[in-house]
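> quick one, structure for this:
(one chain, ligands or ions: 1)
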Amino acid sequence: MPLGERAGDKSESRYCGVETQFNDDMPHVLAFNLSHGSFDFVVAPLMDPAYRPSLMQKESGVSGVLPFAGSDLVLSPSQWSSHVVGKISPWIDLDSEDEILRVDSEITLKQEIAWASHLSLQACLLPAPKGNSCANYARCVNQILQGLNSMQLWLRIPLVKTDNDTMDVNSSNLDDSWEIWNSFRLLCEHHSQLSVALDVLNSLPSANSLGRWFGESVRAAIISTDCFLTNARGYPCLSKRHQKLVSGFFNHSIQIVLSGEPVHSLPRINSDLAANNNDNNVDGVQKHPLRPYLDYVGYLYQRMDPLPEQERFELGYRDFLQSPLQPLMDNLEAQTYETFEKDTMKYIQYQRAICKALQDRVPDDKASSVTTVLMVVGAGRGPLVRASLQAAEETGRKLKVYAVEKNPNAVVTLHSLVKLEGWENIVSIISSDMRYWDAPEKADILVSELLGSFGDNELSPECLDGAQRLLKDDGISIPSSYTSFIQPVTASKLYNDVKSHNDVAHFETAYVVKLHNIARLAPPQPVFTFIHPNRSTDKSNNRYTKLQFGVSSDTGSAMIHGFAGYFDAVLYKEVHLGIEPSTSTPNMFSWFPIFFPLRTPISLHPGSSLEVHFWRCCRPSKVWYEWSVTSPSSSPIHNTNGRSYWVGL
Ligand SMILES: C[S@@+](CC[C@H](N)C(=O)[O-])C[C@H]1O[C@@H](n2cnc3c(N)ncnc32)[C@H](O)[C@@H]1O
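Sure thing, here's the model as predicted:
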């Protein structure tokens, strides 16, 4: 049974598992934890913990039947795959100095994974690496990964990061467990079936350091009963920081697993009985010893704010890579226009900007005598024409509008709109590319919306440069400028999706994507700015920018899989529009961010800085970006000559 509903939100559910002891009666394990305990799945050992291959051979002389938890027949295939995560024997230590232990570990790991694959389990939990060195463990797991069915391997990693200046005796010589994960996954070449199960302990690292994990492939968070505090009524509860972390897990679809013995003696829960798992029968009601902990986790889930409608609508787009539009080379389809047109906020901002421009252009005392010539260039199906007419009405200014559109299909809609609305005397429709139209007169105001997620990536600069001759010398362009931004991110899911294509071209392409499971490692920085009209003598739209990013010391080291890209546009004076996170226009959904991947992810240590280069390159037929990193290590230059990704003119 999922953790209930999130404040009336039926669109998502979350599941909660429980870590169990070895028990060769698997039907009982399921009945007890699922039916009576209301957990959704168990993380259960598959093999007797006393088993050691070396002892077996010594004892019997031959290797006999392995001490697995019952035959595959004891549960149905769907029970095995939906309700059991295999817990690999925690004693295994593939990097031990003791060769017998090392060999036993490798044999056992392979036997257990083979058995779990045979059962079609969805995942197995691998024990945490024992020390700071994990090369042999990683080698063995990597071998397994090469031939594995679709099963996920969750590497257990304790959530530990001590400040460098405080030596925590409890954490042995482990300063930052992220380093172990990083080392392990680098050795396994970022294999997409290798992910993390975080062991949440009662003390938590800093918020920045925790944030890194949301860009990693974390599938589960194991919360020990030791993490729980006791509320005034004697029930388990979590500290504010743990609560926030658990909400983060819910938001990032990380499954919760409860683990450990009950540490709260509640009226109806006797912990002695509870430890015995089998017969927790109090007052004739069989109650799972961890039920109060599960109830609390369910309460945290249900207490979360409901997802705003827009977020709910965008759920299916989360971390889904899309190719950016080519609105100049291709003609947009009706459904694309329809999506744009629903974005009320975008048109509200344009209308505000047009109102201000009209008022600046024509003083109140001339409002009834002066007619402003306004051109909407790239009018689509007319929403900016409507916004312009509404602005004229709102400010009492007289307007003459030219709606210029190069997509003949959208022009059909424009004609019927003008007729339907009775705008024939005010609006002229021009079916032409704005760069080549010979206008009968010049415009006071040129309104356009040719912006991509990265601002200039849909060739607004090239189109508006071509249309600038339509504007009077003192005319106004709305937008008057736009700036792109980038920010380094951990985005292991996106990286693996790009990698799955097995070619360089996909790593040299920018994608539009609703970023979700990512960690933003430093604040965004501006990349390229374009100003309209461009009155400078330098008309080139080629650009080059070098940026330096640092990661704060309390974050710890982090992996950079690529760059999130955004834009901010100044429509007119203080009216702006954009998706740069710190200034983004609320409730606007026309643009998801853009993502520029890196062919090889780069680890960044605190104190070192990341040096990034971005180029915008133009030829008569196409525009493209190239990008590279030169510090802390050099990447290749991505997308040389626009060989993999470009926007056609
Ligand atoms: C992003 S859409 C915006 C459409 C509309 N203004 C809106 O807000 O819904 C850009 C529009 O500009 C048109 N467009 C792009 N480049 C153009 C050009 N050079 N000349 C004329 N129209 C162009 C496209 O066909 C498309 O209809």
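> could you pull out the strands for the stretch 251-400 of the chain?
Secondary structure of the stretch 251-400 of the chain (DSSP state E, counting those that start in this stretch): strands located at 255-259, 281-282, 285-286, 371-377, 398-405.
> what does the last one contact?
Meaning strand 398-405. With C-beta atoms under 8 Å, 6 or more residues apart in numbering as the test, strand 398-405 has contacts from 358, 367-380, 382, 385, 388-389, 392, 411, 414, 418, 423, 426-432, 434, 437, 439, 443, 467. For glycine as for every other residue, the C-beta is placed from the backbone atoms N, C-alpha and C.
> from Ile486, how far off is the residue of the stretch 101-250 of the chain found nearest the ligand?
Going by C-beta to the nearest ligand atom, the ligand is nearest to Gly215 of the stretch 101-250 of the chain, at 30.1 Å. Distance from Gly215 to Ile486, counting by C-beta to C-beta, to the nearest Å: 15 Å.
> now Gly37
Distance from Gly37 to Ile486, by C-beta to C-beta: 47 Å.
> picking that back up, redo the strands of the stretch 251-400 of the chain as a markdown table? Include distance to the ligand.
Formatted as a markdown table, the strands of the stretch 251-400 of the chain follow (distance: least, C-beta to the nearest ligand atom, whole Å):
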| stretch | distance to the ligand |
| --- | --- |
| strand 255-259 | 40 |
| strand 281-282 | 64 |
| strand 285-286 | 61 |
| strand 371-377 | 6 |
| strand 398-405 | 5 |
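> lowest mean pLDDT across the ones you listed, which one is that?
For the strands of the stretch 251-400 of the chain, mean pLDDT drops lowest on strand 281-282, to a mean of 47.
> quick check, Glu626 in contact with His638.
Yes. In this structure, Glu626 is within contact of His638 by C-beta atoms under 8 Å, at 6.1 Å.
> those two - which one has more neighbours?
His638 (26 against 19; other C-beta atoms under 10 Å).
> tell me the bridge partners for the residue lying closest to Val418 once chain neighbours are set aside.
Leaving aside its sequence neighbours, Val418 sits nearest to Val427 (C-beta to C-beta, 6 or more residues apart in numbering; 5.2 Å). Val427 has these beta-bridge partners by DSSP bridges: Val401.
> quick one on the thing from earlier: which one of the strands of the stretch 251-400 of the chain lies closest to Pro90?
Evaluated with C-beta to C-beta, these place strand 255-259 nearest to Pro90, the distance being 11.6 Å.
> which phi and psi does Phe485 have?
The phi/psi pair for Phe485 (degrees, to the nearest 10) reads phi -140, psi 150.
> is it bridged to anything, and to what?
Pro526, Tyr566.
> that one reaches Phe567, doesn't it?
Yes. Phe485 lies in contact with Phe567 (C-beta under 8 Å); the separation is 6.9 Å.
> shared neighbours, these two?
Glu580.
> distance check, Gln351 against the ligand.
Between Gln351 and the ligand the distance, using C-beta to the nearest ligand atom, to the nearest Å, works out to 12 Å.
> ok, that residue - contacts?
Ala387, Ser388, Gln390, Ala391, Glu394.
> swap in 6 Å and give it another go.
Ala387, Gln390, Ala391 (C-beta atoms under 6 Å, 6 or more residues apart in numbering).
> for Ala69, give its distance to the ligand.
Counting by C-beta to the nearest ligand atom, the gap from Ala69 to the ligand is 59 Å.
> before we move on, back to that, check the contacts of strand 398-405 for burial and list the buried ones.
358, 367, 372-380, 382, 385, 388-389, 392, 411, 414, 418, 423, 426-431, 434, 437, 439, 443, 467 (16 or more other C-beta atoms under 10 Å).
> which helix or strand contains Ser195?
strand 194-200 (DSSP states H and E).
> what comes up buried for the next helix or strand after that strand?
Counting by DSSP H and E, the element after strand 194-200 in chain order, helix or strand, is helix 207-211. Of all the residues in helix 207-211, those buried under the rule 16+ other C-beta under 10 Å are Asn208, Ser209, Leu210, Gly211.
> ok, now stretch 441-448?
Under the neighbour-count rule (16+ other C-beta under 10 Å), stretch 441-448 has Ala443, Asp444, Ile445, Leu446, Val447, Ser448 buried.
> same check, this time on stretch 326-334
Buried residues in stretch 326-334 (16+ other C-beta under 10 Å): Pro327, Leu328, Leu332.
> ok, which of these also contact the ligand?
Pro327, Leu328, Leu332 (C-beta under 6 Å from any ligand atom).
> skipping adjacent residues, who's closest to the first one in space?
Looking back up the chat, that one is Pro327. Glu458 (5.3 Å).
> max-length helix in the protein?
helix 99-118 (DSSP state H).
> distance check, Thr640 against Ser206.
40 Å.
> also Ser224?
Ser224 is 20 Å from Ser206, by C-beta to C-beta.
> those two: which is more packed in?
Using other C-beta under 10 Å as the criterion, Ser224 and Ser206 rank with Ser224 on top: 18 against 15.
> so that one is in contact with Gly260, correct?
Yes. At 4.5 Å, Ser224 and Gly260 qualify as touching, with contact defined as C-beta atoms under 6 Å.
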